[in-house]
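Visitor: What shape does this take:
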Amino acid sequence: QVQLVESGGGLVQAGDSLRLSCAASGRTFSRYVMAWFRQAPGKERELVGFISWNGERTYYADSVKGRFTISRDNAKNTMYLQMTSLKPDDTAVYYCAAGELYLVASSAYPYWGQGTQVTVSS
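Guide: Here you go, the predicted model:
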């Protein structure tokens, strides 16, 4: 089992950058596929992207490809989401999640953080 805590959210302007962190507890962090999801008001939770256990494989949603980068440091039990060229449409609560499969569906990830709010003003 792994427990996840996100941090780094906040209010930024369009075009700004922001980095989110996801700190994990437990000794098995390096075994998990890690993912970032987001949920905007009135919308379903959507996958932002995921990263393999060793960081060699990543996947991004088309909406963030080229602007967002996911990385992880297994020695620090931490995953990151570097967001650049932020847009108002990126406004959402961002969640990190851990699972064992490379899947898009949120149901594939049994472990979740509490979320961190990102608000992008125009």
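
Visitor: Relative to the whole chain's centre, how far out is stretch 101-118?
Guide: Counting by Cα atoms, centre = their mean, to the nearest Å, stretch 101-118 is centred 8 Å from the centre of its parent chain.

Visitor: Check the average confidence over it, would you?
Guide: Computed over stretch 101-118, the mean pLDDT rounds to 92.

Visitor: same deal with stretch 79-95?
Guide: Stretch 79-95 comes out at a mean pLDDT of 98.

Visitor: Flag every buried residue along it.
Guide: 79-81, 83, 86, 90-95 (16 or more other Cβ atoms under 10 Å). Glycine gets a C-beta too; all of them are placed from N, C-alpha and C.

Visitor: do the same with stretch 67-79
Guide: 68-70, 72, 74, 77-79.

Visitor: Convert that stretch to PDB, retaining C-alpha atoms only.
Guide: Output of stretch 67-79 as PDB, limited to C-alpha atoms (Å, rounded to 0.1, in the frame of the first residue of the first chain):
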ATOM      1  CA  ARG A  67       3.500  21.600 -22.200                       C
ATOM      2  CA  PHE A  68       3.500  19.200 -19.300                       C
ATOM      3  CA  THR A  69       6.300  16.800 -18.200                       C
ATOM      4  CA  ILE A  70       6.000  14.000 -15.700                       C
ATOM      5  CA  SER A  71       9.100  12.800 -13.800                       C
ATOM      6  CA  ARG A  72       9.900  10.800 -10.700                       C
ATOM      7  CA  ASP A  73      12.700  10.400  -8.200                       C
ATOM      8  CA  ASN A  74      12.400   6.900  -6.700                       C
ATOM      9  CA  ALA A  75      15.100   7.700  -4.200                       C
ATOM     10  CA  LYS A  76      12.900  10.500  -2.800                       C
ATOM     11  CA  ASN A  77       9.600   8.700  -3.300                       C
ATOM     12  CA  THR A  78       8.300  11.600  -5.200                       C
ATOM     13  CA  MET A  79       6.700  12.300  -8.600                       C
END
